[in-house]
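Student: No letters, just coordinates:
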């Protein structure tokens, strides 16, 4: 199973929309360098499928990549159907491991207030970075077979 990266997003503050920077470095054990969510924990990088964002657009919301505070917006993968422990090859170098599907959302978080709904609690995926490297728009994301 493979998809592709359509946005690489960062923000200096947690809980806000992120901006597409096009390319960034994912550091082993930390996450996306320069992003507020980076750190030595299990939710280092967040991913959300553009297909999920499109469902919100169909409900009348004016949203796009980064608006749900995700780091990587993907296309072609049903992320929320992955299992915890699944490994992802992101671009030519990065290796990530799915650590969480969805998350508990704080009531009235900034994203919810700005957008009117938040799909990260239902369809967002979180990974920890096992191998560092750059990721950029257009890179492939491959779900690796279980070992």
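Tutor: All right, it came through fine. These figures come from a predicted structure and were not determined experimentally.
Student: Lowest mean pLDDT among the helices and strands, pick that one out for this protein.
Tutor: When the helices and strands of the chain are scored by mean pLDDT, DSSP states H and E, helix 110-115 comes last with a mean of 63.
Student: Residue for residue, what is the longest helix the chain has?
Tutor: Of all segments of type helix in the chain, defined using DSSP state H, the longest is helix 50-58.
Student: Can you tell me the SS state at residue 14?
Tutor: coil (DSSP: H, G, I helix; E, B strand; the rest coil).
Student: Give me the nearest residue to it, chain neighbours excluded.
Tutor: residue 36 (4.6 Å; CB to CB, 6 or more residues apart in numbering). Quick note: C-beta positions are derived from backbone N, CA and C, even for glycine.
Student: Tell me the spacing between that neighbour and residue 2.
Tutor: From residue 36 across to residue 2, the span is 29 Å (CB to CB, to the nearest Å).
Student: would residue 121 count as being in a helix?
Tutor: Yes: under three-state DSSP, residue 121 sits within a helix.
Student: Tell me how many other residues surround residue 62.
Tutor: Using other CB atoms under 10 Å, residue 62 is surrounded by 9 other residues.
Student: Now do the same for it: its pLDDT.
Tutor: Note on residue 62: pLDDT of 83.
Student: What is the three-state secondary structure of it?
Tutor: coil.
Student: now it: how far from residue 14?
Tutor: Residue 62 is 22 Å from residue 14, by CB to CB.
Student: check contacts around residue 82.
Tutor: With contact set as CB atoms under 8 Å, 6 or more residues apart in numbering, residue 82 has these partners: 98, 101, 125, 143.
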